[in-house]
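Visitor: Structural data only, the sequence is not supplied:
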């Protein structure tokens, strides 16, 4: 897996900046999202309690997301697929993004560990199940929002018998490699009067800005929340923040001056009944305990994430 990590740094050449250089980060969004805003004339007001959420993690205004959307874990070697699709880019595109990504280890780490390939969430009351694929892992996570406990199944993309299942609570999940918990004491939080419509729901925007420079810390986050989305879903996001309402979109900037965010966004919310199979997850044996089996779990996760 070290090869894949180095490949992400050098394959910074596979990303391409948008030709429109005048886009501002506060309004950065894909043409697809703009069109969906035009099509939706009324905002959903009913609180979401059951259904399916399709989530996308992407980079606005560049072609990296295009490449990742083509990658299919079922087709085998993900690194080879990335390299294959990277060859379809023009030299100019590759050089532009190489300059942008040069030495950006933090971004490479985010790309490596975030569920970039596929991400869907099934909700039934205070229960939620996420099923997603990252570059190095497949993950299924079921959460009981009432007591903030859950069970997660993780499997290596490259070595299918490298897998683990464990029960966890809020504290364990936030401290593992599986989720980045934002330390609110390190950030200034600023509520804004800006609103946006995301997947049909009216959202309010909050900005978190890092108070002091800190190695590998995220410089700024723009967060959109809706009072009609359950806040228990915040616990299942790859980035966790304490917010009063459900988070539907997060733009992550490596520093406050950056104009290239990584965006985590609910792209489609479909209210309706979900099946038991949607809510259930795969499980391997034995099922570890997050509190008593920390060393064994850490060793297993290192093996899955880094191919050790």
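Guide: Right, received. Where do you want to start? The shown structure was predicted, so the numbers you read here are calculated from the model rather than taken from an experiment. Residues are numbered from 1 along each chain as shown.
Visitor: Isn't residue 252 up against residue 110?
Guide: Yes - using Cβ atoms under 8 Å, residue 252 is in contact with residue 110, at 7.2 Å. In this view, the C-beta of every residue, glycine as well, is placed from N, C-alpha and C.
Visitor: For those two, work out which one has more neighbours and name it.
Guide: Neighbour count, other Cβ atoms under 10 Å: between residue 252 and residue 110, residue 252 has more, with 24 against 20.
Visitor: Just give the closest residue to that one, not the sequence neighbours.
Guide: Distances taken as Cβ to Cβ, 6 or more residues apart in numbering put residue 262 closest to residue 252, at 4.8 Å, once the chain neighbours are dropped.
Visitor: With residue 67 as the reference, measure out to that neighbour.
Guide: To residue 67, residue 262 is 14 Å away according to Cβ to Cβ, to the nearest Å.
Visitor: same question, residue 168
Guide: Noted for residue 168: a distance of 32 Å to residue 67, by Cβ to Cβ.
Visitor: what does residue 267 give?
Guide: 18 Å.
Visitor: The two: which is more packed in?
Guide: The residue with more neighbours, out of residue 267 and residue 67, is residue 67; 22 against 18, by other Cβ under 10 Å.
Visitor: Show me which residues of the helix or strand containing that one are buried.
Guide: For residue 67, the host element (DSSP states H and E) is helix 64-70. Buried residues in helix 64-70, counted by 16 or more other Cβ atoms under 10 Å: 64, 65, 66, 67, 68.
Visitor: Same check on stretch 265-276?
Guide: Those would be 265, 266, 267, 269, 274, for stretch 265-276 by 16+ other Cβ under 10 Å.
Visitor: Pull the most distant pair out of those.
Guide: Greatest spatial distance among the buried residues of stretch 265-276 (Cβ to Cβ): 265 and 274, at 20.7 Å.
Visitor: what about the protein, any weak spots by pLDDT?
Guide: The chain contains residues with pLDDT under 70 at 1-45, 96-108, 173-178, 256, 308.
Visitor: Quick check: longest helix in it by residues?
Guide: helix 294-306 (DSSP state H).
Visitor: and which of the buried residues of helix 64-70 is nearest residue 160?
Guide: Once Cβ to Cβ is applied, the member of the buried residues of helix 64-70 that ends up nearest residue 160 is residue 68, at 20.9 Å.
Visitor: show me what contacts that closest one?
Guide: Residues near residue 68 by Cβ atoms under 8 Å, 6 or more residues apart in numbering: 82, 116, 117.
Visitor: Can you report how many residues lie near the first one?
Guide: Translated: residue 82. Residues lying near residue 82 (other Cβ under 10 Å) number 20.
Visitor: Where does it sit: helix, strand or coil?
Guide: helix (DSSP: H, G, I helix; E, B strand; the rest coil).
Visitor: could you pull out the helices for the stretch 51-200 of the chain?
Guide: Assigned by DSSP state H, counting those that start in this stretch, the helices in the stretch 51-200 of the chain fall at 64-70, 78-86, 91-101, 105-113, 170-175.
Visitor: picking up where we left off before, who touches both of residue 252 and residue 110?
Guide: residue 262.
Visitor: where along the stretch 201-308 of the chain do the strands fall?
Guide: For the stretch 201-308 of the chain, the strands defined by DSSP state E, counting those that start in this stretch occupy 201-210, 220-226, 239-240, 246-253, 262-271, 287-289.
Visitor: Residue 125 against residue 47, yeah?
Guide: No - if you go by Cβ under 8 Å, residue 125 and residue 47 don't touch, sitting 11.5 Å apart.
Visitor: Quick check: the closest residue to residue 51 other than its chain neighbours vs residue 197, distance?
Guide: Nearest residue to residue 51, sequence neighbours excluded (Cβ to Cβ, 6+ apart): residue 271, at 4.1 Å. Residue 271 sits at a distance of 16 Å from residue 197 (criterion: Cβ to Cβ).
Visitor: Show me what counts as buried in the longest helix of the chain.
Guide: 297, 300, 301, 303, 304, 305.
Visitor: If you count contacts, what does that helix end up packed against?
Guide: Counting contacts by 3 or more Cβ pairs under 8 Å, 6 or more residues apart in numbering; DSSP states H and E, helix 294-306 is packed against strand 149-156, strand 163-169, strand 287-289.
Visitor: Go ahead and measure how far the last one is from the middle of the chain.
Guide: Centre-to-centre, strand 287-289 and its host chain are 25 Å apart (Cα atoms, centre = their mean, to the nearest Å).
Visitor: Also stretch 247-256?
Guide: Offset of stretch 247-256 from its chain centre (Cα atoms, centre = their mean): 10 Å.
Visitor: List the contacts of that stretch.
Guide: Stretch 247-256 has contacts (Cβ under 8 Å, 6+ apart) with 25, 28, 104, 106-107, 110, 196, 198-199, 201, 203, 209-210, 218-226, 229, 231, 233-234, 237, 239, 241, 260-266.
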